[in-house]
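In: Quick check, what structure comes out for this input:
(one chain, ligands or ions: 2)
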Amino acid sequence: MAGRDNTEEKRLYATQLLKACDGNAQTALQELKLAAKTIRESKSYTPQNSEVVVHVENVSKTYKVGKTSVEALKDVTVQVHKGEFVAITGTSGSGKSTLLQLIGGLDKPSTGAITVHSQDLQKLRDGKLSRFRNRTIGFVFQFFYLQPFLRLQTNIEVPAMFARTKRAVRTEKSKETAETVGLADRLRHYPRELSGGQMQRAAIARALQNNPEILLADEPTGNLDHANATAIFDLFKQIRDERGTTVVVVTHDLALAGMADRSIHMSDGAIAS
Ligand SMILES: Nc1ncnc2c1ncn2[C@@H]1O[C@H](COP(=O)(O)OP(=O)(O)OP(=O)(O)O)[C@@H](O)[C@H]1O
Ligand SMILES: [Mg+2]
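Out: Ligands and ions are numbered 1, 2, ... in the order given. As a prediction, the model looks like this:
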């Protein structure tokens, strides 16, 4: 509609605005400025220019096995922004899982520093680190790790039990997260009564139980067919969009990685691109 004369529309809008502000032109002007600022900010917002919530700085990790040592990570520096959906790709043995475990505080770097949501992980002793992890980070693993003898609802509630959330709140929350991942009608099932894709979605629901700021997933689609794998990545996007959760996913599948905002490619313990 290039060149369309919308003077009449503008006049109508100005009249309505003035009326809404009880005829006070000063208030109307302030409202207009505020609206313009909101529009400007919403246009310039992208996850990549939001605050950095994961800082990995010059991190190396060497595993010692007997007399030999393996340099799994070599001077890696990575940043992840709030609300970003990042995929980590690379060949087997390139250090993807090691990097994810260090970001999640499951292991410590040999050298370098890792800060997650302004918390230097190195400074946290065991108990405090566990509590920080429980509150801030949700993990999803390739092999689900659901407890076979617990019903789905109880499986989902496990992190909330560790966080000592009251039973009524826990139950309410597990129903909500099951709803998010499309398993509201499976809460009384045992894991063996679920399909592979459903088990993975259950593991994601469990990871979401304590409203984590960051969701870390290591090859979460490794055991799924293409349709289910794509559905899981769609679910990650949905979680990010609806909750603002930062999502970091390891995958060797480049097509799936393309669904993320950004890919970090690893090669031989270093960031290749
Ligand atoms: N606990 C450990 N002890 C000794 N070496 C290890 C340990 N964990 C990993 N490694 C070694 O560190 C390197 C990186 O392993 P990592 O598991 O991070 O790779 P990856 O990129 O996740 O591979 P994959 O795609 O096969 O899962 C590998 O050479 C591996 O053998
Ligand atoms: Mg791995």
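
In: where in the stretch 51-200 of the chain is pLDDT low?
Out: Low-confidence segments of the stretch 51-200 of the chain (pLDDT under 70): none present.

In: Which residues of it lie near ligand 1?
Out: Neighbours of ligand 1 within the stretch 51-200 of the chain, by C-beta under 6 Å from any ligand atom: 63, 65, 70, 72, 90, 92, 93, 94, 95, 96, 97, 98. For the C-beta atoms, the positions are set from N, CA and C on the backbone; glycine is no exception.

In: Out of those residues, which sit inside helices?
Out: 96, 97, 98 (DSSP state H).

In: Out of these, the closest to residue 29 would be?
Out: Minimum distance to residue 29 across these is 53.9 Å, recorded for residue 96 (C-beta to C-beta).

In: do you know how far the nearest residue to that closest one once chain neighbours are set aside is from ligand 1?
Out: Nearest non-adjacent residue to residue 96, counting by C-beta to C-beta, 6 or more residues apart in numbering: residue 250, 4.5 Å away. Distance of residue 250 to ligand 1, given as C-beta to the nearest ligand atom, to the nearest Å: 7 Å.

In: Distance check, residue 250 against residue 103.
Out: According to C-beta to C-beta, to the nearest Å, residue 250 stands 11 Å off from residue 103.

In: again with residue 221
Out: 19 Å.

In: Relative to residue 163, how far out is the residue nearest to residue 159 when sequence neighbours are not counted?
Out: For residue 159, ignoring the flanking residues on the chain, the nearest one in space by C-beta to C-beta, 6+ apart is residue 209 at 4.6 Å. Residue 209 sits at a distance of 8 Å from residue 163 (criterion: C-beta to C-beta).

In: the more surrounded of these two?
Out: A direct count of neighbours by other C-beta atoms under 10 Å for residue 209 and residue 163 places residue 209 higher, at 24 against 13.

In: What about the more buried one? Give its phi and psi, please.
Out: phi -50, psi -40 (degrees, to the nearest 10).

In: what residues are up against it?
Out: Neighbouring residues of residue 209 by C-beta atoms under 8 Å, 6 or more residues apart in numbering: 138, 156, 157, 158, 159, 160, 170, 173, 174, 177.

In: Select from those the one having the most neighbours.
Out: Going by other C-beta under 10 Å, residue 156 tops the contacts of residue 209 with 29 neighbours.

In: Pull the distance from stretch 254-265 to the chain's centre.
Out: 14 Å (C-alpha atoms, centre = their mean, to the nearest Å).

In: what's next to it, contact-wise?
Out: 47-48, 78, 84-90, 221, 229-230, 233-234, 237, 247, 249, 251, 271-273.

In: and the closest residue to ligand 1 within the stretch 151-273 of the chain, backbone torsions?
Out: Nearest residue of the stretch 151-273 of the chain to ligand 1, counting by C-beta to the nearest ligand atom: residue 252, 5.9 Å away. Note on residue 252: its backbone torsions stand at phi -100, psi 0 [degrees, to the nearest 10].

In: OK, contacts around the closest residue to it other than its chain neighbours?
Out: Counting by C-beta to C-beta, 6+ apart, residue 252 lies nearest to residue 89, which is 6.5 Å off, once chain neighbours are set aside. Residue 89 sits next to 96, 250, 251, 252, 254, 257, 263, 264, 265, 266 when contact means C-beta under 8 Å, 6+ apart.

In: now residue 89: how far from residue 145?
Out: Taking C-beta to C-beta, one finds residue 89 at 23 Å from residue 145.

In: And for residue 10, the neighbour number?
Out: Neighbour tally, residue 10, other C-beta under 10 Å: 10.

In: An error on my part: the question was meant for residue 69.
Out: The burial count for residue 69: 11, using other C-beta under 10 Å.

In: which residues touch it?
Out: Taking C-beta under 8 Å, 6+ apart, one finds 62, 63 in contact with residue 69.
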